[in-house]
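Colleague: Sequence and predicted structure below; questions after.
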Amino acid sequence: MQEFKISQFIPALQLLVIADLIDTEEGSWYSQKVRELGTIIGTMPATYDQDGKGDEAIVYLHYFSGGANWYITEKDATGVGTQQAFGYAEVHAGEGELGYISIAELVRSRFVELDLHWTPRTLRECMLKHEDH
């Protein structure tokens with residue numbers, strides 16, 4: 001299993017907000033969520049591990065900004081940290097594609113958030129959700 005820091009996957013501003021919220025009444029929920037994310041990220045498949053599964057591949061992480069969505073199915077398992085991932089990007093409504101996604105770019109963006117309420121599901125379920133809109 002590749003070593004990682006959860007901060008490599010959560011945008012800096014969102015991470016600061018989470019840190020502040022841990023000291024509030026809802027803090028136990030945020031602490032638990034950070035632990036869950038650590039487990040999900042630590043055990044999610046590396047690039048190519050879900051190759052051939054098509055839309056039955058599992059989406060482990062969801063990032064969003066406005067109407068844009070990034071669904072991460074696999075993380076990079078080479079080098080130091082996570083530079084890229086594989087998944088489905090829908091930057092314009094109804095226009096999405098599979099490909100490599102830079103986690104580093106998503107995390108650096110001031111406008112992108114990691115969906116803390118996300119539950120892993122198939123890529124098919126994610127795509128159907130957006131076709132219904």
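Modeller: Cool, got the structure.

Colleague: Buried ones in the longest helix belonging to the chain, by neighbour count?
Modeller: Taking DSSP state H as the criterion, the chain has its longest helix at helix 27-43. Judged by neighbour count using 16 or more other Cβ atoms under 10 Å, the buried positions of helix 27-43 are 30, 34, 37, 41. Glycine gets a C-beta too; all of them are placed from N, C-alpha and C.

Colleague: Check stretch 88-103 too.
Modeller: Buried residues in stretch 88-103 (16+ other Cβ under 10 Å): 88-90, 96, 101, 103.

Colleague: How about residues contacting that stretch?
Modeller: 8-9, 59, 67-73, 75-76, 82-87, 123, 126-127, 130-131, 133 (Cβ atoms under 8 Å, 6 or more residues apart in numbering).

Colleague: now do stretch 66-74
Modeller: 44-50, 57-64, 85-93, 96, 101, 103, 106, 111-112, 123, 126, 130.

Colleague: Of the residues you listed, select the buried ones using a PyMOL command.
Modeller: The PyMOL selection below is limited to those of the contacts of stretch 66-74 classed as buried (16+ other Cβ under 10 Å):
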select buried, resi 44+45+46+47+50+57+58+59+60+61+62+63+64+85+86+87+88+89+90+96+101+103+106+112+123+126
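
Colleague: Select from the contacts of stretch 66-74 every entry located in strands.
Modeller: 58-59, 61-64, 85-92, 96, 101 (DSSP state E).

Colleague: Quick check: the two most widely separated of the residues you listed?
Modeller: Largest separation among the ones in strands among the contacts of stretch 66-74 by Cβ to Cβ: 58 and 92, giving 24.5 Å.

Colleague: remind me which residues of this protein are low pLDDT?
Modeller: Under the criterion pLDDT under 70, the flagged ranges of the chain are 1-4, 77-82, 129-133.

Colleague: Next, residue 69: phi, psi?
Modeller: phi -140, psi 140 (degrees, to the nearest 10).

Colleague: Just give me the neighbour total for it.
Modeller: Residue 69 has 20 neighbours, counted by other Cβ atoms under 10 Å.

Colleague: Would you mind measuring from it to residue 39?
Modeller: 23 Å (Cβ to Cβ, to the nearest Å).
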